[in-house]
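# sequence and predicted structure below; questions after.
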Amino acid sequence: MSDRLWSLAELRSELERYEAELRAAGKGQLTIDTYVGQSERFVRFLIGDYRPDARADRPASGDAPRRR
């Protein structure tokens, strides 16, 4: 396993690249939404903007979730 550290900006950039790769591979929109959405939720968890025990899946900061 790599010892590389990722900044938040790098993680978000890589999520965008991941989404583009999924589109290029011909994945359907629901598949893309699921794959990217779950990954985005994990990044939000890492930065403290998501709690799995929260009743609604919305950022702790009160901002609306990103829409595609």
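Structure received.

# from here on, contacts and neighbour counts on C-alpha atoms
OK.

# run a quick neighbour tally on Ala25.
9 (other Cα atoms under 10 Å).

# quick check, pLDDT for it.
On pLDDT, Ala25 comes in at 98.

# touching, Arg51 and Val43? I think so.
No - between Arg51 and Val43 there is no contact under Cα atoms under 8 Å: 11.3 Å.

# find the nearest non-adjacent residue to the residue nearest the centre of the chain, please.
Closest to where the C-alpha atoms of the chain average out (Cα atoms, centre = their mean) is Glu40, at 1.2 Å. Closest residue to Glu40 apart from its sequence neighbours, by Cα to Cα, 6 or more residues apart in numbering: Leu15 at 7.5 Å.

# that neighbour sits in which helix or strand?
If you go by DSSP states H and E, Leu15 is part of helix 8-24.

# what are the buried residues along the helix or strand that that helix is followed by?
Going down the chain from helix 8-24, the next helix or strand is helix 29-46, by DSSP H and E. Neighbour counts over helix 29-46 (16 or more other Cα atoms under 10 Å) mark 32, 36-37, 39-44 as buried.

# any chance of the residues you listed in CSV, plus distance to Ala24 and pLDDT?
Shown next, in CSV, are these (distance: Cα to Cα, whole Å; pLDDT from 0 to 100):
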residue, distance to Ala24, pLDDT
Ile32, 11, 98
Val36, 14, 98
Gly37, 18, 97
Ser39, 18, 96
Glu40, 19, 96
Arg41, 23, 96
Phe42, 23, 95
Val43, 23, 95
Arg44, 25, 95
